[in-house]
Structure formats: structure tokens, C-alpha cells
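1. Here you go, sequence then predicted model.
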Amino acid sequence: MTNTQRLAQVREQAIALRRAGKSRREIKEILWIGSNETLNNALRGEPPPAWTGRPHAKDALLRKARELREQGLACREIAAALGVSKSSVSLWVRDMPRPARLSREECAKRQADAVAAYWAAERPRREAVRQAIRADAAERIGLLTERDVLVAGAIAYWCEGSKSKPYRRSNRVIFINSDPQLIRFYLRFLRLAGVAQDQLAFRLSIHQSADVASAQEFWLDVTRAPPAQFRLPTLKRHNPRTVRLNVGEAYHGCLRIEVLRSGRLYKQIEGWCQAVMARAEVMPDSDSPS
């Protein structure tokens, strides 16, 4: 058998094995082919089987980029949407027609839509994080003792209540806030401090443009106090040039709570706060919450 006949026979056998799904290494072992050059000559012109083709990692991104290009997006917008470089997008879509130039209004609308879509997905995620942090914090607090309520109530008053000044001496206990939960807590603090219900006087402070009657009913329900203990509301004059954000059904104004005959209570609150702040300064680090 001549060399030409031998090569033709090897080529026929190699192609048959290749089409049967054999790898190049397996063909070399079966046919006793010693060099890659001989195998290359035997398989010249024979396309590799489909299974040898490796998928490209960016094939899916390429297809998505071309879809977005067909929708009229610019390379910059496609790159931002897919998280790839602008140069990669440019290569993927270079054979496609350029989108028509958008007007300034259309560009602004598209950008606004993209921002809205981002926050539609981002807000629930951030809210879930906030809820998890709140739940963990609430679990660390646990149940409150009467002493805890006195401490927290005194500090809350020192933050939000009226205080005696060197230029204006006053021992009146007056607290004002718009948070209904804090108002309920403060009333609980006053009861533990020995304040009787008939020592309390309430006054609504609200803008005159709001629903005053509805707000009054709201605070009556929060405090469970007799209507006779509510004095005439203080109305804030409406300025039409001011853009107010505290409007709508959720706006109930602020509630002012005054403790009558409160000179002794004021001095007690002052003493409680001074003790808490002084003892916190000398508290060992090992006693601090983890």
C-alpha cells in the first residue's frame, strides 16, 4: 500500500470516528497516530462536532444588548442596564443601525423611568433591613420595669419638656409632642410619678388650616382624658407662601400637656435626670450593653 493510499485510509477512518463522537485524543489512540500534524491532515476540512463548542460567558449579555439596541437604547444606557463596559456594548451592536437621537424631554423621561424602576425594587429591600434592625433592637430592650419607665420618662421630658432657665425661673412641668405613642408613654410616666388625672391640662396646638375638630377628637382618644380637661386650641396662623409638608389626614398637630401644681414634680424630674447622666459617666465599660 502506498503512502497516499495509507493516508486516504487513515483519513476515512479518522473522519468516521470523529463523526461517531470520538475526541482527537481517542482517534489518535485507536488509529495509532503519533503526531498532531498527521491527525490534522487526516481531519482537514471536517468541521468539529457541536459538543466541542464551548458556550461563551457573555453570549446572554450580547443577546440582551442587541434586544435593548432594537428598542432604541444608546450604548451608554445599555452598558448601565447590563453592568458591562460601553466599549463591549459598542462591539456587540456595531452592525446595528444607530437609534434616532432623543429629545431632551424624552431623555429626561427615560432617566426618570429608570430611577423609578430602581427605587421600586430598592425600597422594599431597605424597608426589610429597617424592620430587621427594629426587631433586633426591640428584642434587646425586653420588658420594662417601673424604674425603667421613670428613667426613660424623665429623660424624655428633659429633651422635649419646658425647663427653668437662669433668665426665666419656672418649675412648671409642660410637655409638648406630636407622636401619639410618646404621649401615651409620657402619661404612663406621670402616673408612676404620682400625678393624679385631675392635675393634667391638655391643649391642642395646630395650624388653623387643618381640621381642628378632627384633631381634637384624635387626641381625646389617645389620652382617654375627659373633654373638660382640654383647653381651647392654639391655632397657628396660616401663611399661604409657606409650603407645609405636615398636611393631610395624618396631621393632628401637637399636644401640650401641663401638670398643675407641679413644682415638686419638676424638682424630682431634675434630680432623676441628673442622677442618670452622672452615673452613666462613671459606669464601667464592662457594664455597657453589647
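-> Perfect, thanks for sending it. Numbering: from 1, shown residues only.

2. Endpoints of stretch 237-246, how far apart?
-> From its first residue to its last, stretch 237-246 covers 14 Å (Cα to Cα, to the nearest Å).

3. For it, what does the pLDDT average out to?
-> Mean pLDDT, stretch 237-246: 71.

4. Stretch 99-110 too?
-> For stretch 99-110, mean pLDDT is 77.

5. contacting residues around Asn246?
-> When the contact criterion is Cβ atoms under 8 Å, 6 or more residues apart in numbering, the partners of Asn246 are His207. Where C-beta positions appear, they are placed from N, C-alpha and C, glycine not excepted.

6. Distance of it relative to Ser35?
-> To Ser35, Asn246 is 86 Å away according to Cβ to Cβ, to the nearest Å.

7. which intervals of the stretch 51-200 of the chain have sub-threshold pLDDT?
-> 51-57, 102 (pLDDT under 70).

8. same thing but 90
-> Scanning the stretch 51-200 of the chain for pLDDT under 90 picks out the ranges 51-122, 125, 142, 164-171.

9. okay, which residue is most central for this structure?
-> Residue closest to the average C-alpha location in the chain (Cα atoms, centre = their mean): Arg126, at 1.9 Å.

10. which secondary structure element contains it?
-> Arg126 belongs to helix 104-141 when assigned by DSSP states H and E.

11. so how far is that helix off the chain centroid?
-> On the basis of Cα atoms, centre = their mean, to the nearest Å, helix 104-141 sits 4 Å off its chain's mean C-alpha point.

12. Name the next helix or strand downstream of that helix, please.
-> That would be, after helix 104-141 and using DSSP H and E, helix 146-160.

13. And that next one, what does it pack against?
-> In terms of contacts (3 or more Cβ pairs under 8 Å, 6 or more residues apart in numbering; DSSP states H and E), helix 146-160 is packed against strand 173-177, helix 180-192, helix 263-281.

14. so what are the domain limits for this protein?
-> Listed domain ranges for the chain are 3-52, 146-287 (source: automatic domain parsing).

15. Which among those domains is found nearest to Ala121?
-> Nearest to Ala121 among the domains of the chain is domain 146-287 (26.0 Å), distances taken as Cβ to Cβ.

16. Excluding covalently adjacent residues, which one is nearest to Met96?
-> Leaving out its chain neighbours, the residue that sits closest to Met96 by Cβ to Cβ, 6 or more residues apart in numbering is Arg69, at 5.2 Å.

17. pLDDT at the closest residue to Lys236 other than its chain neighbours, what is it?
-> Computed as Cβ to Cβ, 6+ apart, the closest residue to Lys236 that is not its neighbour in sequence is His207, at 4.7 Å. On the pLDDT scale, His207 is placed at 91.

18. Work out the gap between stretch 165-185 and the centre of the chain.
-> 34 Å.

19. Go through that stretch and flag the buried ones.
-> By neighbour count on 16 or more other Cβ atoms under 10 Å, the buried set for stretch 165-185 is Arg172, Val173, Ile174, Phe175, Asn177, Ile183, Phe185.

20. JSON lines for those, including distance to Asn40?
-> Shown next, in JSON lines, are these (distance: Cβ to Cβ, whole Å):
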{"residue": "Arg172", "distance to Asn40": "101"}
{"residue": "Val173", "distance to Asn40": "98"}
{"residue": "Ile174", "distance to Asn40": "97"}
{"residue": "Phe175", "distance to Asn40": "92"}
{"residue": "Asn177", "distance to Asn40": "86"}
{"residue": "Ile183", "distance to Asn40": "88"}
{"residue": "Phe185", "distance to Asn40": "85"}
